[in-house]
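# I need the structure of the sequence given here:
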Amino acid sequence: MKKRYKMIDLDCANCAAKMEDAIRKIDGVNEVSVSFLSQKLTIDADESRLDDIMSQVVKVCKRVEPDCTIVL
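Modelled structure (predicted):
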């Protein structure tokens, strides 16, 4: 299932790339794109585990960029 989320306070393209790499390693994630310019996260993941995957995604993003928020 492909979903798009708005990100708030993503400060740099390097942080977006780090988030993308870390999210890609989460089990159940097929494809991910974090866009610094549009402040969007696009994820294609296992629909049956999407809630669990997104909670892991939020933790990863907070670790890389503590001020960044994902609007779920």
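
# dump the residue contacts of residue 31.
2, 43-44 (Cβ atoms under 8 Å, 6 or more residues apart in numbering). C-betas here are computed from N, CA, C, even on glycine.

# Buried among these? Need that as a selection in PyMOL.
The PyMOL command for the buried members of the contacts of residue 31 (criterion: 16 or more other Cβ atoms under 10 Å) is given here:
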select buried, resi 43
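
# Out of the contacts of residue 31, which is nearest to residue 34?
Distance to residue 34 across these (Cβ to Cβ) is lowest for residue 43, with 9.1 Å.

# Name the residues that touch stretch 38-57?
With Cβ under 8 Å, 6+ apart as the contact definition, stretch 38-57 has outside contacts at 1-8, 10, 19, 23, 26, 28-35, 61, 70, 72.

# about what we covered before: out of the contacts of residue 31, name the ones that lie in strands.
Within the contacts of residue 31, membership in strands is found for 2, 43-44, as judged by DSSP state E.

# Residue 11 is in contact with residue 67, isn't it?
Yes - under the criterion of Cβ atoms under 8 Å, residue 11 lies in contact with residue 67, with a separation of 7.0 Å.

# quick one: secondary structure of the nearest residue to residue 60 once chain neighbours are set aside?
The spatial neighbour of residue 60 that comes closest, neighbours along the chain excluded (Cβ to Cβ, 6 or more residues apart in numbering), is residue 22 at 4.5 Å. Classification of residue 22 into helix, strand or coil gives helix, according to DSSP: H, G, I helix; E, B strand; the rest coil.

# how many other residues sit next to residue 22?
The local packing of residue 22 (other Cβ atoms under 10 Å) involves 18 other residues.

# Next: residue 67.
Residue 67 has 10 neighbours, counted by other Cβ under 10 Å.

# what sits against it?
Contact criterion Cβ under 8 Å, 6+ apart gives 9, 11 as the residues in contact with residue 67.

# Much appreciated, bye for now.
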